[in-house]
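[1] Build me a model:
(2 chains)
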Protein chains: 2
Amino acid sequence: MNSCDILVLNGTLLTMDSRGTQFKNGAVAIEGEKIVALGPADDFSSWNASRIIDARRGIIMPGLVNAHTHAAMTCFRGLADDLPLMTWLNDYIFPAEAKLDYEKVYCGALLACAEMIISGTTCFCDMYLFEDAVASAAKHAGMRAVVGEVLYDFPSPNYGPIESGFAYTEMLIEKWKNDSLITIAVEPHSPYLCSPDLLKTAFSLAEKNNIPLVIHVSETESEVQKSIEKHGLTPIGLLADLDVLSPNLLACHCVALTDEDISLLQRFDVKVSHNPESNMKLASGIAPIPKLLKEGVCVGLGTDGCASNNNLDIFLEMDTAAKLHKVNTFDPTVMDANTVLKMCTIDGARSLGLNDITGSLEPGKRADVIIIDTHKPHLTPMYNPISHLVYAVKGSDVTTSIINGKIVMEDGRLLTLSIEKIIEDIKIIADEIKGAKLEF
Amino acid sequence: MNSCDILVLNGTLLTMDSRGTQFKNGAVAIEGEKIVALGPADDFSSWNASRIIDARRGIIMPGLVNAHTHAAMTCFRGLADDLPLMTWLNDYIFPAEAKLDYEKVYCGALLACAEMIISGTTCFCDMYLFEDAVASAAKHAGMRAVVGEVLYDFPSPNYGPIESGFAYTEMLIEKWKNDSLITIAVEPHSPYLCSPDLLKTAFSLAEKNNIPLVIHVSETESEVQKSIEKHGLTPIGLLADLDVLSPNLLACHCVALTDEDISLLQRFDVKVSHNPESNMKLASGIAPIPKLLKEGVCVGLGTDGCASNNNLDIFLEMDTAAKLHKVNTFDPTVMDANTVLKMCTIDGARSLGLNDITGSLEPGKRADVIIIDTHKPHLTPMYNPISHLVYAVKGSDVTTSIINGKIVMEDGRLLTLSIEKIIEDIKIIADEIKGAKLEF
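    Here you go, the predicted model:
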């Protein structure tokens, strides 16, 4: 008789594998950290499982991937909105960030993990300060994460002088190298805040360790214009000139691209993170995602930080992504539901170099599985589960989450974190930030 | 000692009155259908109430207004997406609609009411077939609604020959004239499906009864171009030419407007319903809402029908509206959170001619009140409740809803409807629609 640790069954199973395999009534068998088998539930009737999880005719699917976050910015959620970009940054965000320390980043990241797990995300890619705190928070929450300390041409409140950024990143790589959940990345902020030397060193470090290189790039037209003035090249053109384009590079935002930029991204198999809600809220522009997809560029979906969104719900981001490009191109057929769903499952995982591990449900992969409760008015009737996932489901419809074979949420209850404690801690941090507001 | 039927207290109270009055810890006293008093909770410590509802430090605010729906289209949620407009309409929606009858519209509208109440909407404006069924469903659910039978230049599956549309509308007016929840409107579909004669008769009927006149207008650039070819006038220009512009007119969509159209809307105090998610999904275009607001035009927010959205959650619609216009104008200061919140509270009510009755919490107004649970990770911390309502709250955060002084949802439990029964009924309808798909 076959046996496993956890058997999830009695739901529409979307594997998101390369053939788009679905089972109307499916089951997933998990042993240790991994998926060992899946298929029609009937095939598992004789299996012996330590834990059986009933999906109650909902949807069983891969956990979602958030390809771009600044998790600890949950601390600044709703602190300042609807402002000109420079006022928002200089008068609110930068002064608030100057008050951050390891402990605050840890608390903010725990809050982000709680919010992400509750809303169906099982893996995220983070760039911020004090990233050892973010890795520790993700580990504590039981989430999969790619984390990297932000590197730039000025001293950091975390690691001090510019030149210590790489030592800190190497420390992270060493500390977390055998972890089953955490991957360290090298994360220079952007071509406009990093010297060519810094960018080249960052690239070498990522290549040497075969880990992702993550960067903000071409977020606004104004950034592109300034790059052309300074270097005679677009930001993507500059990265090409520095020989740092590669399949391990995750280029975040990519709002303002030339056709030549798109060719470069395609030629070097660079991955792109698309963050439509943040780009909309900051009035940055609309990334040419349908064009990138047409050229075969791999695109993941991200929320960006909470200060410019203001939530981390990838289901809502999918809905926005699907609709925004339709109206922007006057074509209701672009960014169909399946394409968008791939952006935060298998393609999201690919954008982080984790597609062998997560992003789809397949035997041998790590068990990152979520269950959606579809027995609700706003998900009735259900003609097509993929349509619902993109256009009707909200993060609040997720009931259960398994990450790396471990149940982290069941029937809406977080098992790895205390929401009460997190909310209490964050209120204290928020009071401090509010209290300091007069200095802004 | 003062007394009342229901006392809602212990939450941040947003009145949405003309001064934007808020109370950090407020209370609302309800007697019968109406609000009799409100203010700081301390002022009510000696009040005697039959029912005390504790908002548990959440937000107490006016119920939301959905200014444009086709409620029964919940039956077609997710039936067809990502298609060219004419394929979607001709191959899916029209054939499915041909199968509708009173009973199906009633069931679909009940489902819509359940979804709307659960997500914080207390009042909606509907246009569809068999609207007596929609009025009856809203009444059953305990929702406030403006409903009107769609009128156009061809026979209706409901009232039969074209000329019977007005008789049916007059029947509705007579039947529901003294109802405390239902307002009947006259609802010609659009200038392109209605003859000038029909439009003028509709206008006269609405004026005679002093009720709203609701119409789709200028939804796409193509509609405008065809109107210019046929009449030498834009659709708004045509309505002006027919003398049917008035403060009682609710013009839905208004995506493709000329500056002259905007002046006309402003001059005649025409109300506009903005439906950004539907306009995005159908790739219709982006309505010039910041321009309309600058000219002082009153704009309400609507979801449109479920087939083009695919949900009825006004909180998500607010988030989209706030962000879409920022990126469309490259200005992060337009459509600030307070402006958007007004569009689905007091301005939404004004767009339906119901601003003396609902849309804000003020003594003498009907008690349409909702409570938001803010004790959740994605609403932590809270620097500014209005920012959260627009950028972070989802419909699933609403716990309690009172409409016209009656509690219709408490702690997430619907009191007026059986969700189980509705879901069961809709599944049967959906099977019939699916079964008929081969004929499409």
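[2] Verify the stated contact: A:Ser119 with A:Val393.
    No. Between A:Ser119 and A:Val393 no contact is recorded; they are 9.9 Å apart, counting by Cβ atoms under 8 Å. C-beta here means a position set from N, CA and C on the backbone, and glycine is covered the same way.
[3] Name the residues contacting each of those two.
    Taking Cβ atoms under 8 Å, 6 or more residues apart in numbering or on different chains as the contact definition, A:Ser119 and A:Val393 share the neighbouring residues A:Phe315.
[4] Can you list the low-confidence ranges for chain A?
    Regions of chain A meeting the criterion pLDDT under 70 cover residues A:436-440.
[5] measure the residue lying farthest from the centre of it to chain B for me?
    Among the C-alpha atoms of chain A, the one farthest from their average position, using Cα atoms, centre = their mean, is that of A:Met1, at 39.0 Å. Per Cβ to the nearest Cβ, to the nearest Å, A:Met1 is found 36 Å from chain B.
[6] That residue against A:Ser45, yeah?
    No. Using Cβ under 8 Å, A:Met1 is not in contact with A:Ser45; the gap is 11.0 Å.
[7] what is the closest residue to the residue farthest from the centre of chain A other than its chain neighbours paired to in the beta sheet?
    Using Cβ to Cβ, 6 or more residues apart in numbering or on different chains and skipping the chain neighbours, the partner closest in space to A:Met1 is A:Asn48 (5.5 Å). Counting by DSSP bridges, A:Asn48 forms beta bridges with A:Ser3.
[8] Near the closest residue to A:Pro155 other than its chain neighbours, how many other residues are there?
    On the basis of Cβ to Cβ, 6+ apart, the spatially nearest residue to A:Pro155 that is not a chain neighbour turns out to be A:Pro161, at 5.5 Å. When counting by other Cβ atoms under 10 Å in any protein chain shown, one arrives at 10 neighbours for A:Pro161.
[9] for A:Ser180, same thing?
    A total of 12 residues lie near A:Ser180 under the criterion other Cβ under 10 Å.
[10] Quick check: residues of the stretch 101-250 of chain A near chain B?
    Selection of the stretch 101-250 of chain A residues close to chain B by Cβ under 8 Å from any Cβ of the partner chain yields A:111, A:114-115, A:118-119.
[11] Using a markdown table, please lay out those together with secondary structure.
    Output for those, formatted as a markdown table (DSSP: H, G, I helix; E, B strand; the rest coil):
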| residue | secondary structure |
| --- | --- |
| A:Leu111 | helix |
| A:Ala114 | helix |
| A:Glu115 | helix |
| A:Ile118 | helix |
| A:Ser119 | coil |
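[12] Could I have the PyMOL command that selects the buried members from the residues you listed?
    For anyone working in PyMOL, the buried entries among those, judged by 16 or more other Cβ atoms under 10 Å in any protein chain shown, can be selected with:
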select buried, chain A and resi 111+114+115+118+119
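[13] Contacts only, for A:Thr320.
    Contacts here follow Cβ under 8 Å, 6+ apart; on that basis A:Thr320 touches A:276-277, A:280, B:320, B:323.
[14] Past the strand or helix carrying it, which element shows up next along the chain?
    Element membership of A:Thr320 [criterion: DSSP states H and E] is helix A:314-329. Sequence-wise, the next helix or strand beyond helix A:314-329 is helix A:337-343, with elements assigned using DSSP H and E.
[15] So A:Phe268 sits against A:Pro247, correct?
    Yes. Judged on Cβ under 8 Å, A:Phe268 makes contact with A:Pro247 at a distance of 7.0 Å.
[16] neighbours around the residue nearest to A:Met1, how many?
    Around A:Asn48 sit 11 other residues, with neighbours defined as other Cβ under 10 Å.
[17] quick revisit: tell me the angle the helix holding A:Thr320 makes with helix B:314-329.
    Between helix A:314-329 and helix B:314-329, the angle comes out at 40 degrees (axes from the mean of the first three to the mean of the last three Cα atoms, to 10 degrees).
[18] now helix A:314-329, how far from the chain's geometric center?
    From the chain centre to the centre of helix A:314-329 is a distance of 16 Å (Cα atoms, centre = their mean, to the nearest Å).
[19] in that helix, what counts as buried?
    Residues of helix A:314-329 classed as buried by neighbour count (16+ other Cβ under 10 Å): A:314-329.
[20] same thing with stretch A:215-222?
    For stretch A:215-222, the buried set under the neighbour-count rule, 16+ other Cβ under 10 Å, comprises A:215-220.
[21] can you redo these as CSV with secondary structure and distance to A:Glu103?
    Shown next, in CSV, are those (DSSP: H, G, I helix; E, B strand; the rest coil; distance: Cβ to Cβ, whole Å):
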residue, secondary structure, distance to A:Glu103
A:Ile215, strand, 28
A:His216, strand, 26
A:Val217, strand, 31
A:Ser218, coil, 34
A:Glu219, coil, 30
A:Thr220, coil, 33
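[22] Save those residues as TSV, and put in distance to A:Val398 too.
    TSV is the format used below for the buried residues of stretch A:215-222 (distance: Cβ to Cβ, whole Å):
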residue	distance to A:Val398
A:Ile215	31
A:His216	29
A:Val217	32
A:Ser218	33
A:Glu219	30
A:Thr220	33
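[23] Let me know the closest of these to chain B.
    Lowest distance from chain B to these (Cβ to the nearest Cβ) belongs to A:Thr220, with 9.1 Å.
[24] The residue nearest to A:Ser278 when sequence neighbours are not counted: helix or strand, and which one exactly?
    The spatially closest residue to A:Ser278, leaving aside those adjacent along the chain, is A:Asp304, at 3.4 Å (Cβ to Cβ, 6+ apart). If you go by DSSP H and E, A:Asp304 is not part of any helix or strand.
[25] Relative to A:Ile184, how far out is A:Ile236?
    Counting by Cβ to Cβ, to the nearest Å, the separation of A:Ile236 from A:Ile184 is 25 Å.
[26] hang on, the earlier thing: who has more neighbours out of A:Phe268 and A:Pro247?
    When A:Phe268 is set against A:Pro247 and neighbours are counted by other Cβ under 10 Å, the residue ahead is A:Phe268, at 18 against 13.
[27] wait, what's in contact with that one?
    Contacts were defined as Cβ under 8 Å, 6+ apart; by that measure A:Phe268 touches A:240, A:245-247, A:249.
[28] So for chain A, the centremost residue is which one?
    Nearest residue to the geometric centre of chain A (Cα atoms, centre = their mean): A:Asn66, 1.8 Å.
[29] Ramachandran coordinates for A:Pro84?
    As for A:Pro84, its main-chain torsions (degrees, to the nearest 10) stand at phi -60, psi 140.
[30] and it, what is it in contact with?
    With contact taken as Cβ under 8 Å, 6+ apart, A:Pro84 is in contact with B:332-333.
[31] Check the gap between the residue nearest to A:Pro155 and chain B for me.
    In this structure, A:Pro161 and chain B are separated by 32 Å, where distance is defined by Cβ to the nearest Cβ.
[32] same question, A:Ala337
    As defined by Cβ to the nearest Cβ, A:Ala337 lies at a distance of 6 Å from chain B.
[33] That residue - nearest residue in space that isn't next to it in sequence?
    For A:Ala337, ignoring the flanking residues on the chain, the nearest one in space by Cβ to Cβ, 6+ apart is A:Val390 at 4.1 Å.
[34] and what of A:His68?
    Setting aside the residues directly before and after it, A:His68 is nearest to A:Gly302 in space (Cβ to Cβ, 6+ apart), at 2.9 Å.
[35] for A:Ser360, same thing?
    Taking Cβ to Cβ, 6+ apart, and ignoring the residues beside it in sequence, A:Ser360 has A:Met16 as its nearest neighbour in space, at 4.2 Å.
[36] Check which helices and strands the helix or strand harbouring A:Met116 sits against.
    A:Met116 is part of helix A:102-118 when elements are defined by DSSP H and E. With contacts defined as 3 or more Cβ pairs under 8 Å, 6 or more residues apart in numbering or on different chains; DSSP states H and E, helix A:102-118 has these neighbours: strand A:121-128, helix A:131-141, strand A:398-403, strand A:406-410, strand A:413-414, helix A:419-435.
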